[in-house]
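In: Fold the following.
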Amino acid sequence: MPCFIFLPLWIESKQVGSINNMILLSSATSIASINSSCNKCICMMILTDNIVGITCLQNQTCLLFSNYSLSYTINNSLNGSFHFLIIPPEQQFSTVKTTVSCTPNCMNNGTCLFSNVCLCTSEWNGTYCEIPVCSPPCENFGNCTSLGVCTCYHGWTGSYCQIGDGQFIGVGYNSPTYTAGINGYGSVLALNGIHNQCVIVYPYLNMSYISFTWEFWIYPTIALPNDTTFISQCFNVSKDQCLLFMIRYDKILFSFWYDDVSGLTVIPVNKWSHVTLIYDLITNKKFIYLNGILEHAQHSNGSLSADFVNLTIGCRKMGKGATYDKFFTGYIDQMLYNSRVKNASEILNDATLVTYYRFLSNASLMDSGPNYINGSWGGGAASIPSGIVNQAIDFPTNGSYFQLSGLVLLGTSNWPLSLSLWFKINSLNETSSVVYLSDAMQCMEMITLLYNGTIQIQIFNGTMNNSIFGPVMHIGLWNHLIYTFSTVNGMRLYVNGSLYRSVITTYSTNDSPVTLTFGNSLFNTTCGYLNKHFYGSIDEVRLYSRELNATEIVQLYTNP
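Out: This next block holds a predicted model:
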């Protein structure tokens, strides 16, 4: 009988130093350039004996230093980081510039670091920064043809090609109705199960033997009986021939018939919930996400085989010739289908990123988030080229503003939130309104800049406004600010990536959609506020329906 003896492998311990938002520049003779992730390059440095430092660039390029030349500089850069086993000697610091060239020239504000090595901004990629980046990425075979613009394949539309362009038509059964939706525009499907209302989708959507992702918002208005159905496609009441998304024991059930996975959380009544259901053909697994968080993942006994039967929304039909039953009562909105597996980051964004504005010159008012809540502006507000990332919005005159309307979750009492933005003060004469929240009956200065440059944030607890006073901000400098609220941590103020102060509080609203106005309170005297104009610029505005954690906040600061 053979005997195997395992001996421990001793690995030398190495410490790696890191400097974020800084890059090392040197002559071409001292570096090598490779296309790889930063983590892989760091591993390469640790496992080899001839690399002493690396510069990681945002376009998946690493510069490897086998030694430190007599001429180099360390420069500020939001698009890179420097990692080292040995720090460059101070006596070798030099501001001598070497002549480098890139052929062709780096495009779109890219910087030629070394011969034919371009440092691109976050909006561009490619060897010479010639390839535009779309964020979120184009879906369903769409192509990113210009900065932030997707050209969609036939049958798809939307800012990143995620919406079927009339490819599938829903036909009401027993006259369902429509009302204002979760995202403040368009309509939500309102179903009354007592009246046997639902929607039948034409033509047939083939989901057999493929991966797919379904996402939708639900708002039950009654306690839901077992097997109340959101979506179904049943060819036959046989194993793997009947797709069902439904409620069982108050939780989500994802079934291919006798091939089920169940959620873990009770679905609340009279409250919005975001549901994501995924089947991955490659791993043969089903996934249930609730409000962007993975609830359950489980191996499937097989893939779906529901041939040539129509999809139903809000009811089910168990095979050809059967009648519709198990009707849903409540609201369904933002129902999206993708013939691929979405990753966890995409799902979390779809569920909790309410709006995202980049203020690009070709799409200044366009929402780059999943909900397409495009903004409006007036009074001289305009896109300017000198933002923290590409363009920004500027408020140059008294009365200029940027506004978002129909924000449902922000207008819901005690719903968690995070508002992230970059801002720069151009002039400071008096107290000014940076972000102003209002509805038909209530209003509040959410973020205020006091006359001396001090930042103040506020929240209404049902009786009074609770406030946090932040640091003094200086004219002409970009600063990053995040305002968060949750029932656990109360209201928090983060400045330039760090928690500044917090206060335990609740958040009280009229439970109706609200409006956010940036740069001005627009003479709204309902709450006693005068017109308070902010003379400055704002960029990279993100509103979330959850409380961001400290790691995410640092990431938004270091990688805007």
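In: what mean pLDDT does stretch 167-177 have?
Out: When pLDDT is averaged over stretch 167-177, the result is 90.
In: Now it: buried residues?
Out: By neighbour count on 16 or more other C-beta atoms under 10 Å, the buried set for stretch 167-177 is Gly170, Gly172, Tyr173, Pro176. C-beta here means a position set from N, CA and C on the backbone, and glycine is covered the same way.
In: Dump these to CSV, plus secondary structure and distance to Arg248.
Out: Formatted as CSV, these follow (DSSP: H, G, I helix; E, B strand; the rest coil; distance: C-beta to C-beta, whole Å):
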residue, secondary structure, distance to Arg248
Gly170, strand, 25
Gly172, strand, 26
Tyr173, strand, 23
Pro176, coil, 23
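In: Identify each of the helices in the stretch 301-450 of the chain and give its residue range.
Out: 344-352 (DSSP state H, counting those that start in this stretch).
In: same thing with the chain?
Out: 38-47, 344-352, 550-558 (DSSP state H).
In: Take those helices and lay them out in CSV including mean neighbour count, distance to Pro136 and mean pLDDT.
Out: Below are the helices of the chain laid out as CSV (neighbours: other C-beta atoms under 10 Å; distance: least, C-beta to C-beta, whole Å; pLDDT from 0 to 100):
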stretch, mean neighbour count, distance to Pro136, mean pLDDT
helix 38-47, 16, 22, 79
helix 344-352, 19, 7, 95
helix 550-558, 16, 16, 95
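In: For my notes, please list the ones you listed in TSV and give distance to Pro268 for each entry.
Out: As requested, these are exported to TSV (distance: least, C-beta to C-beta, whole Å):
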stretch	distance to Pro268
helix 38-47	40
helix 344-352	15
helix 550-558	25
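In: Of these, which is nearest Val275?
Out: With C-beta to C-beta as the criterion, Val275 lies closest to helix 344-352 of those, at 8.9 Å.
In: Contacts for stretch 223-230 next, please.
Out: 193, 216, 218, 244-250, 253, 267, 269, 275, 312-316, 326-330, 332 (C-beta atoms under 8 Å, 6 or more residues apart in numbering).
In: Not including adjacent chain positions, what is the nearest residue to Gly375?
Out: Leu365 (4.7 Å; C-beta to C-beta, 6 or more residues apart in numbering).
In: Please parse this protein into its domains.
Out: Per automatic domain parsing, the structural domains of the chain span 17-97, 168-342, 354-558.
In: From the contacts of stretch 223-230, list the buried ones, please.
Out: Members of the contacts of stretch 223-230 classed as buried by 16+ other C-beta under 10 Å are 193, 216, 218, 244-248, 250, 253, 267, 275, 312-316, 326-330, 332.
In: Give me the subset of those residues lying in strands.
Out: The strands, defined by DSSP state E, take in 216, 218, 244-248, 253, 275, 312-313, 316, 330, 332 from the buried ones among the contacts of stretch 223-230.
In: Mind jotting down where the strands sit in the stretch 351-500 of the chain?
Out: Secondary structure of the stretch 351-500 of the chain by DSSP state E, counting those that start in this stretch: the strands cover 353-357, 376-378, 382-384, 392-395, 401-407, 417-425, 432-438, 443-449, 454-460, 465-472, 478-486, 490-495, 498-503.
In: out of the ones you listed, deepest packed?
Out: Comparing those by mean neighbour count (mean count of other C-beta atoms under 10 Å), strand 392-395 comes out on top with a mean of 26.
In: Which strands and helices lie in contact with that strand?
Out: The helices and strands touching strand 392-395, judged by 3 or more C-beta pairs under 8 Å, 6 or more residues apart in numbering; DSSP states H and E, are strand 382-384, strand 401-407, strand 536-544.
In: Partner strands of the shortest one, with direction?
Out: Strand partners for strand 382-384, identified by DSSP bridges, are recorded as strand 392-395 (antiparallel).
In: Go ahead and confirm Pro203 touches Phe168.
Out: Yes. Between Pro203 and Phe168 there is a contact under C-beta atoms under 8 Å: 7.0 Å.
In: hmm, which helix or strand of this structure has the shakiest average pLDDT?
Out: strand 31-35 (a mean of 61; mean pLDDT, DSSP states H and E).
In: can you map out the strands along the stretch 151-300 of the chain?
Out: Under DSSP E, counting those that start in this stretch, the stretch 151-300 of the chain gives strands at 156-157, 163-164, 169-173, 177-179, 188-191, 198-202, 212-220, 229-234, 242-248, 251-255, 260-262, 273-280, 285-290, 293-299.
In: Run through the neighbouring helices and strands of the fifth one.
Out: Read that as strand 188-191. If you count contacts as 3+ C-beta pairs under 8 Å, 6+ apart, strand 188-191 packs onto strand 177-179, strand 330-338.
In: Point out the most buried one among the ones you listed.
Out: Highest mean neighbour count among those (mean count of other C-beta under 10 Å): strand 330-338, with a mean of 20.
In: for the residue nearest the centre of the chain, what are its contacts?
Out: Central residue of the chain (C-alpha atoms, centre = their mean): Asn349, 3.7 Å from the mean position. If you count contacts by C-beta under 8 Å, 6+ apart, Asn349 has them with Pro136, Gly292, Gly369, Pro370.
In: ok, back up a step: could you export the strands of the stretch 151-300 of the chain to TSV, including columns for distance to Gly476?
Out: Shown next, in TSV, are the strands of the stretch 151-300 of the chain (distance: least, C-beta to C-beta, whole Å):
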stretch	distance to Gly476
strand 156-157	42
strand 163-164	42
strand 169-173	53
strand 177-179	47
strand 188-191	45
strand 198-202	55
strand 212-220	42
strand 229-234	52
strand 242-248	53
strand 251-255	51
strand 260-262	55
strand 273-280	41
strand 285-290	43
strand 293-299	41
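In: Is Leu311 in contact with Ser232, as I believe?
Out: Yes. Leu311 lies in contact with Ser232 (C-beta under 8 Å); the separation is 7.4 Å.
In: Please compare those two by neighbour count and tell me which comes out ahead.
Out: Between Leu311 and Ser232, Ser232 has the larger neighbour count (other C-beta atoms under 10 Å), namely 25 against 21.
In: just to revisit the earlier point, adding pLDDT and distance to Ile46 as columns, could you present the ones in strands among the buried ones among the contacts of stretch 223-230 in CSV?
Out: Listed next are these as CSV, based on pLDDT from 0 to 100; distance: C-beta to C-beta, whole Å:
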residue, pLDDT, distance to Ile46
Phe216, 96, 45
Ile218, 97, 48
Leu244, 94, 50
Phe245, 96, 46
Met246, 95, 50
Ile247, 95, 51
Arg248, 94, 50
Leu253, 96, 47
Val275, 98, 43
Thr312, 96, 55
Ile313, 97, 53
Arg316, 94, 56
Gly330, 97, 54
Ile332, 96, 51
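In: Considering those, which is situated nearest to Phe359?
Out: Nearest member of these to Phe359, counting by C-beta to C-beta, is Phe216, at 29.8 Å.
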